[in-house]
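[1] Provided below are the primary sequence and the corresponding predicted coordinates.
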Amino acid sequence: MQLGLIGLGKMGFNMRERLRKAGHEVVGYDRNPEVTDVASLAELAKALDAPRTVWVMVPSGEPTRQTVRELGDLLDAGDLVIDGGNSRFTDDKANATLLHEKSIGYLDCGVSGGVWGLEVGYGLMVGGEHEHVERAMPIFDALRPEGPREEGFAHAGPVGAGHFAKMVHNGIEYGLMQAYAEGFELLEASELVTDVPATIKAWQRGTVVRSWLLDLLVRALDSDPELDDLRGYVEDSGEGRWTVEEAINHSVPAPVISAALFARFASRQEDSPAMRAVAALRNQFGGHAVQKA
């Protein structure tokens, strides 16, 4: 199958390679001249045979919305656009409506797998009409992991469902990572456990906490046993915030995901105004000692 792929960053570049290894013809576009196959979106559209399928893999928000608008002017009726980036699900209806007015189809696809997807495949969660999903299925089958389709691919629902599912997936990821991180710190703080990396490595087989994320933590500890080469500073890419917001909107308790998100906020503070206030209050009501700046 022929595919246009826009955005050849860490994931898009590897997706192009995986698709080509599966025998698909991929025409890639990126602003980086070292990796792009064509010089512009217009050239990409001209290089594809009708009906075209174009996969967008650019940063979420305005970059994706602008790309979709440009494609709306370049593509023709019967073509199909797939947004495979980490767009917020609320953007999908507007994108789909804009393209529908020009009889261009739209799918949203949550993609999980990171830099390892080239080798092991990508978990895919898709939103959109059944006929569009079936049309793009050869691409989805090439990108997903080997094995039963239902263990690496889901048609989650109508437009927006794919990115909603990926948002929740990433919220869960926040909670899992935070739990492993807190366990690591507690082991480090204990005087009883003298080999923390070996202890965590022993959890990789037979335990109820084994997972791919645990494998990645073991890999990091193999190269830096106390993680001294890193600062405890963690960004959040948006999906965790959106997950917490949707939990509030749906009155769903999500204490673990919320705490994991707030822990990332705390990691970026050199000094906490809130804790200064707590110290001041303890000093005021109880005369407790404080540390001066």
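    It's in.
[2] My read is that residue 166 contacts residue 124, right?
    No - using CB atoms under 8 Å as the test, residue 166 is too far from residue 124 to be in contact (9.2 Å). (Each C-beta comes from the backbone N, C-alpha and C, glycine too.)
[3] Could you name every residue contacting both of the two?
    Residues touching both residue 166 and residue 124 comprise 110, 111, 112, with contact defined as CB atoms under 8 Å, 6 or more residues apart in numbering.
[4] any idea which helix or strand carries the second one?
    Following DSSP states H and E, one finds residue 111 within strand 105-112.
[5] Would you check that residue 168 makes contact with residue 243?
    Yes - when contacts are counted by CB under 8 Å, residue 168 is listed as touching residue 243 (5.9 Å).
[6] quick one: which of the two has more around it?
    A count of neighbours by other CB atoms under 10 Å puts residue 243 above the other of residue 168 and residue 243, at 26 against 20.
[7] so who does the closest residue to the more buried one other than its chain neighbours touch?
    Counting by CB to CB, 6 or more residues apart in numbering, residue 171 is the residue found nearest to residue 243 once chain neighbours are left out, at 3.1 Å. Residue 171 makes contact with 239, 240, 242, 243, 244, 254, 257, according to CB under 8 Å, 6+ apart.
[8] Just the pLDDT for the residue nearest to the fifth one when sequence neighbours are not counted.
    For residue 244, the nearest residue in space outside its immediate sequence neighbours is residue 258; the separation is 5.1 Å by CB to CB, 6+ apart. With respect to pLDDT, residue 258 scores 98.
[9] what helices or strands is whichever strand or helix holds residue 258 leaning on?
    Using DSSP H and E, residue 258 maps to helix 255-267. Helices and strands touching helix 255-267, as assessed by 3 or more CB pairs under 8 Å, 6 or more residues apart in numbering; DSSP states H and E, comprise helix 161-189, helix 239-249.
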